[in-house]
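Enquirer: What shape does this take:
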Amino acid sequence: MTENIEIDELIEEFNQYIKLVATGSMTIAESFRNKQVQIALKEVTNFVEGMNWLITANNYFKTQNVISMFNEQKIVNFFEEINEGLTMQDYFLVADLFEYEIAQYFADIPVVTVKN
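Expert: Numbering: from 1, shown residues only. Predicted structure coming up:
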């Protein structure tokens, strides 16, 4: 029973966090476009930490009776594209990535549910 409560809480936190990522991605994009690079870089660091938490939670879901459409490879691809843009110091490219790809992905992802 305790494990069911814990998994339910984790699912709820996961779903709530997913909803926030699209908005956070837009904030990062705006920071880059407004040439607030240091602020944007800090936000990117927070984004990466959040994605690592989502990946860890998603891996746990795989061991439980949980359905998740969260695509870890897509996140890895985002990381690679972000890194590429930052390496080139092409902050407008990174802003576009956050606005048009990352925000959209997280706006469209279905909630995590328990298998019946």
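
Enquirer: Relative to Asp8, how far out is the most centrally placed residue in the chain?
Expert: For the chain, Met51 is the residue whose C-alpha lies nearest the centre (Cα atoms, centre = their mean; 4.6 Å). Shown here: Met51 relative to Asp8, a distance of 23 Å by Cβ to Cβ, to the nearest Å. All C-beta atoms are positioned from the backbone trio N, CA, C, and that covers glycine.

Enquirer: now the host helix or strand of the residue nearest to the centre of the chain, how far from the chain's geometric center?
Expert: For Met51, the element it lies in under DSSP states H and E is helix 37-63. How far helix 37-63 lies from its chain's middle: 6 Å, per Cα atoms, centre = their mean, to the nearest Å.

Enquirer: ok, then the element right after that helix?
Expert: strand 66-67.

Enquirer: could you check the angle helix 37-63 makes with the longest helix seen in the chain?
Expert: Counting residues, the longest helix found in the chain (DSSP state H) is helix 2-33. Using axes from the mean of the first three to the mean of the last three Cα atoms, to 10 degrees, the inter-axis angle of helix 2-33 relative to helix 37-63 is 150 degrees.
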